[in-house]
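*Asks:* Sharing a sequence plus its predicted fold:
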Amino acid sequence: MCRVLAIFVMLLASPAVLAKPLVYCTDASPEGFDPSLWDSTSTSNVTSQIFNGLLSFERGTTRLQPELATAWRIAPDAKTFTFTLRRGVKFQSTPYFTPAREFNADDVIFTFGRMTDPAHPFHQAFPATYVYAQSLGLAAMIEGIDRIDDHHVRFRLTSPNVTFPTYFAMAFAGIHSAEYAQQLLAQGRATAINNQPVGTGPFKFRSYRKDDVVRLVPHESYWGGVQATTQLIFAISREPAVRVQKMAAGECHVTAPLRDIDLAALDRRREVVILKAQALNISYLAFNLKKRPTDDRRVREALDIAVDRDALFKVLFPRGDAMQAVSAFPPAIAGYNGELKNEFDPARAKTLLAQAGYPGGIAIDLWALPIARPTNPNGLLMAQMIQQDWARIGVKATIKTYEWGEYLKRANNGEHHVYMSGWSGDTGDADDFLAPNLTCAASRGGIKFCNAEFDRLVEQGRATVDPERRNAIYREAQVIFKRERPWITMAHSSIYVPIRRDVKGFVMAPNGRVDFEGVYRE
């Protein structure tokens with residue numbers, strides 16, 4: 001229904017509406033343009049405009065709806081999933097590719113085969129890391145993908161998974177053109193799939209100037225209707241204060257979520273509307289479990305209970321629109337364990353360090369988040385406050401930070417002791433927080449958390465249809481999480497997205513991501 005209304009609005013749009021570009025001020029550069037390779041919001045916000053998934057989430061909700069698949073059928077054992085594919089869908093024509101056929105089952109099989117089969121010819125030519133697919137354990141999960149005919153595809157799993165359909169609505173699952181991939185292989189240019197994207201989405205790639213601007217234009221043959229704007233521009237503005245100034249000046253029409261402390265400058269501007277939602281998000285400090293001394297659970301617990309969260313929140317969240325995170329996902333999600341508590345006990349923290357063999361304290365590095373996010377509005381200030389807390393128990397923390405892309409690359413390589421991170425859930429399901437972040441499939445060789453007992457419970461949760469039983473399993477998994485302390489949990493926050501009053505059709509997503517299909521300036 002939402003898509004139909006969006007198309008209706010576009011058809012009614014006047015010529016004056018059609019002449020206006022739309023500028024989104026984003027907080028970081030995209031890491032690339034192949035959705036299979038990345039899991040950061042700054043990247044998926046761009047790729048989600050270029051690519052469609054088999055399914056999508058209904059605007060402003062976590063409910064699944066058809067996209068490139070018009071229907072899907074789940075077998076009673078939750079191990080077989082059959083998708084009916086939309087007919088008449090055209091891939092984008094660009095200066096570097098002209099499609100000779102419409103979307104069909106071959107494109108689905110290519111997209112997921114490449115991510116799950118190490119012997120796949122395209123993977124052999126471009127042996128990339130598929131971050132989200134690997135974190136979910138997709139290769140081990142999928143037993144086979146069957147091409148029934150041009151418009152039907154079947155996925156067979158090794159074990160039941162009631163959450164499996166939600167994966168097809170996530171950004172990483174955007175469908176590629178198998179025909180384009182074959183062209184790139186023939187040209188010896190497989191890596192170009194990451195910087196010259198081709199999808200079926202409402203906008204197509206025009207250009208990118210690094211750390212400055214991404215330009216997209218409407219896909220003229222889009223199955224959902226041509227978009228009512230001449231250009232969609234992602235203007236990259238890392239500093240929140242700069243985005244505020246650009247919004248006030250009309251240089252941004254929508255901006256990445258702002259910190260609550262930045263909103264005062266926009267609160268009284270009649271031409272700006274500030275949208276607010278309690279997001280499905282979390283910020284945390286992640287430990288390197290492969291590196292001494294943070295490989296010791298007692299050290300991790302000591303560092304956790306030495307942080308004065310109450311003092312930190314008074315400084316970082318003055319409007320009071322954030323809550324302290326206790327577990328791995330927010331209380332709004334089913335299966336949350338409300339019996340878990342945070343603790344602030346510097347004296348016990350010192351005892352734990354001594355028990356771990358460090359009575360004189362330790363020296364570690366603490367990486368400060370280089371971009372502002374609603375759950376971590378000032379990474380450097382947070383790091384400085386935590387540095388002071390840790391100093392009181394004999395811990396010398398050296399604060400480090402890097403440019404966003406470099407920060408992610410180095411953290412994935414395990415160069416840190418402790419780094420700041422965060423997560424926004426797509427589905428409103430506990431599995432969406434636990435599986436991609438805390439299972440052995442996501443551990444990256446032991447840098448992140450890997451616990452056999454925890455993994456067993458996550459697998460049980462995926463396979464359990466009964467909601468009450470699922471919730472009990474996830475509550476048990478959170479007890480292990482809190483005992484092992486792979487993270488110092490920090491905050492769940494509201495998100496604020498300012499938009500200019502002349503922007504029509506924009507709806508906030510629960511995970512903070514943006515969808516510009518059907519969005520235009522009046």
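*Replies:* Looks like it arrived, so ask away.
*Asks:* any idea how far the closest residue to E271 other than its chain neighbours lies from R470?
*Replies:* In space, and not counting its chain neighbours, E271 is closest to R501: 5.2 Å by Cβ to Cβ, 6 or more residues apart in numbering. C-beta here means a position set from N, CA and C on the backbone, and glycine is covered the same way. Look at R501 and R470: by Cβ to Cβ, to the nearest Å, they are 43 Å apart.
*Asks:* moving C-terminal of the helix or strand harbouring E468, what's the next helix or strand?
*Replies:* Following DSSP states H and E, one finds E468 within helix 467-484. Sequence order places strand 487-500 as the next helix or strand after helix 467-484, per DSSP H and E.
*Asks:* Would you list the strands that the helix or strand just after that following strand pairs with, along with their directions?
*Replies:* Note on strand 487-500: by DSSP H and E, the next helix or strand toward the C-terminus is strand 503-504. Sheet pairing for strand 503-504, assigned by DSSP bridges, gives strand 520-521 (antiparallel).
*Asks:* wouldn't the residue nearest to E271 be in contact with R269 here?
*Replies:* No - taking contacts as Cβ atoms under 8 Å, R501 lies outside contact range of R269: 9.1 Å.
*Asks:* Can you give me the neighbour number for E406?
*Replies:* Using other Cβ atoms under 10 Å, the number of residues around E406 comes to 11.
*Asks:* For the helix or strand where it lies, buried residues please.
*Replies:* In this structure, E406 is located in helix 404-412 according to DSSP H and E. Buried residues in helix 404-412, counted by 16 or more other Cβ atoms under 10 Å: W404, G405, Y407, L408, A411.
*Asks:* Of these, which is the nearest to G461?
*Replies:* G461 has its nearest neighbour among those in A411, at 27.1 Å by Cβ to Cβ.
*Asks:* close enough to count as contact, that closest one and L369?
*Replies:* No - using Cβ under 8 Å, A411 makes no contact with L369, being 10.5 Å away.
*Asks:* where do the contact lists of these two overlap?
*Replies:* S421 (Cβ atoms under 8 Å, 6 or more residues apart in numbering).
*Asks:* any weak-confidence spans in the protein?
*Replies:* Along the chain, the parts satisfying pLDDT under 70 run over 1-19.
*Asks:* centre of the chain versus the helix holding E406, how much separation?
*Replies:* Chain-centre distance of helix 404-412: 15 Å, with Cα atoms, centre = their mean, to the nearest Å.
*Asks:* re earlier: R501 and R470: which has the busier surroundings?
*Replies:* Between R501 and R470, R470 has the larger neighbour count (other Cβ under 10 Å), namely 22 against 13.
*Asks:* shouldn't the more buried one be in contact with E459?
*Replies:* No - applying Cβ under 8 Å, one finds R470 not in contact with E459, separated by 11.9 Å.
*Asks:* which residues are common contacts for the two?
*Replies:* In contact with both R470 and E459: no residue, using Cβ under 8 Å, 6+ apart.
*Asks:* Look at R114 and give its secondary structure.
*Replies:* What DSSP: H, G, I helix; E, B strand; the rest coil gives for R114 is helix.
*Asks:* residue contacts, the residue nearest to E271?
*Replies:* Counting by Cβ under 8 Å, 6+ apart, R501 makes contact with R270, E271, V272, V273.
*Asks:* So which of the residues you listed wins on neighbours?
*Replies:* Ranking the contacts of R501 using other Cβ under 10 Å puts V272 first, with 20 neighbours.
*Asks:* quick one: that residue and D502 touch, right?
*Replies:* No - if you go by Cβ under 8 Å, V272 and D502 don't touch, sitting 10.4 Å apart.
*Asks:* and the gap between R500 and R243?
*Replies:* In this view, R500 and R243 are 13 Å apart by Cβ to Cβ.
*Asks:* between these two, what contacts are shared?
*Replies:* In contact with both R500 and R243: C252, using Cβ under 8 Å, 6+ apart.
*Asks:* send the alpha carbons of stretch 397-406 over as PDB?
*Replies:* Extracted in PDB, the C-alpha atoms of stretch 397-406 (Å, rounded to 0.1, in the frame of the first residue of the first chain):
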ATOM      1  CA  ALA A 397      44.200   4.100  28.400                       C
ATOM      2  CA  THR A 398      45.700   5.600  25.300                       C
ATOM      3  CA  ILE A 399      43.000   7.200  23.200                       C
ATOM      4  CA  LYS A 400      43.200   6.600  19.400                       C
ATOM      5  CA  THR A 401      41.000   7.400  16.500                       C
ATOM      6  CA  TYR A 402      41.100   7.300  12.700                       C
ATOM      7  CA  GLU A 403      39.100   8.400   9.600                       C
ATOM      8  CA  TRP A 404      35.900   6.300   9.500                       C
ATOM      9  CA  GLY A 405      36.900   3.900   6.800                       C
ATOM     10  CA  GLU A 406      40.300   3.400   8.300                       C
END
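*Asks:* so how far is it off the chain centroid?
*Replies:* Distance of stretch 397-406 from its chain centroid, counting by Cα atoms, centre = their mean, is 20 Å.
*Asks:* Okay, buried residues for it please.
*Replies:* A397, K400, T401, Y402, W404, G405.
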